[in-house]
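Student: Test case, fold it:
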Amino acid sequence: MNLSRAKTVLIIAFLILNITIAYQIWENERVGTAGFLGMSEEVSRLDAELMEANLILDAPLPRGGMQAAHLLVKPWRFHPEEIITSLAEALSGEDGQLPLQKLEGGEGEAYILGPYSLVIKKEGTVSLRRTGAAETVPQINSAEEMQQVAEGIIDSLGFRGGFTYDYTSIDGYNTLLHYRQVYRNLPLYAGYLQLSIRGEELQGLNIYRLEPLQFMEQEREVIPPPMALLRFLEVYENDGQVRGIVQFSLGYYSQEYDAEKWEIPPVWRIRLDSGEVFFVNAFTGRLES
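Tutor: The predicted structure follows:
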């Protein structure tokens, strides 16, 4: 595609974006949930800032006027021996039990488990990485086939509790399958299970799980999606590449903590087609780390 044609495509895309956002704002105001962008000049501002950031909105913005409360959670408590046993049984295959060696020093508990390295940190994160040479395996191109492979691995590990499929991305020769926790039909982005697969062979695994306790009593109206998008654009660093926003959704997120329990705020998650994921606090508009 030449430069002139690319510019034409971008202009048409942003024109459609302008019309879509204007309609969504009008719809919000019509039902009595006036949004942050109430005037045409604010619509133009969002349109202009998206174009300046080389971002195209390829996902619908949710309707405004939503309410949410903080979510009280505690970490998933487990014994490392349970994780090690489950992984060893799932990965040993027909060769029998994998050899295990505990490493001294470092952060958390570290092990060599056959061709894998395993690190279990005190805040509850579990990280598995293949360190030995990968076997030559046929590539699986179908997303459905890759998900079937991932589902089989998850079932064999026994870690499924509360996780549901989220999306797939690519990292070199490996396919990354992302799963997230769900609590009362709401995404709990703070809890995750990520698998790195090449062909049918597991290359890596990351797990972090929370135990939701309850929603706090005080509900507040979350900031409208257009406002959250504008706050995101204030801090987004553009590298000159045109990217699409492929998902814009409400859920819950926080960093991993070594604590008894803590409160998690609702967030707007913004996912780009490049694989980048950002979280905007749905109460304050601040970008979460």
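
Student: Chain neighbours aside, what residue packs nearest to residue 170?
Tutor: Spatial nearest neighbour of residue 170, excluding adjacent residues (Cβ to Cβ, 6 or more residues apart in numbering): residue 176 at 7.0 Å. C-beta coordinates here come from the backbone N, C-alpha and C atoms, glycine included.

Student: and the one you found, helix, strand or coil?
Tutor: Secondary structure state of residue 176, per DSSP: H, G, I helix; E, B strand; the rest coil, is strand.

Student: Over to residue 231?
Tutor: helix.

Student: How much space separates it from residue 167?
Tutor: Separation of residue 231 from residue 167 (Cβ to Cβ, to the nearest Å): 23 Å.

Student: With neighbour numbers in mind, choose between those two.
Tutor: Comparing residue 231 with residue 167 by other Cβ atoms under 10 Å, the one with more neighbours is residue 231, at 19 against 15.

Student: so that one sits right up against residue 287, yeah?
Tutor: Yes. Counting by Cβ atoms under 8 Å, residue 231 touches residue 287, with 7.3 Å between them.

Student: which residues are in contact with both of those two?
Tutor: Shared contacts of residue 231 and residue 287, defined by Cβ atoms under 8 Å, 6 or more residues apart in numbering, comprise residue 280.

Student: on that earlier part again, how many residues are close by the residue nearest to residue 170?
Tutor: 20.

Student: likewise residue 217?
Tutor: By other Cβ under 10 Å, 7 other residues sit near residue 217.

Student: can you check residue 259 too?
Tutor: Using other Cβ under 10 Å, residue 259 has 10 other residues around it.

Student: do the same with residue 189
Tutor: If you count neighbours by other Cβ under 10 Å, residue 189 ends up with 21.

Student: secondary structure element for it?
Tutor: Residue 189 belongs to strand 186-198 when assigned by DSSP states H and E.

Student: if we can go back for a sec, look up how far residue 278 lies from the residue nearest to residue 170.
Tutor: Using Cβ to Cβ, we find residue 176 at a distance of 17 Å from residue 278.

Student: One more: residue 108?
Tutor: From residue 108 across to residue 278, the span is 27 Å (Cβ to Cβ).
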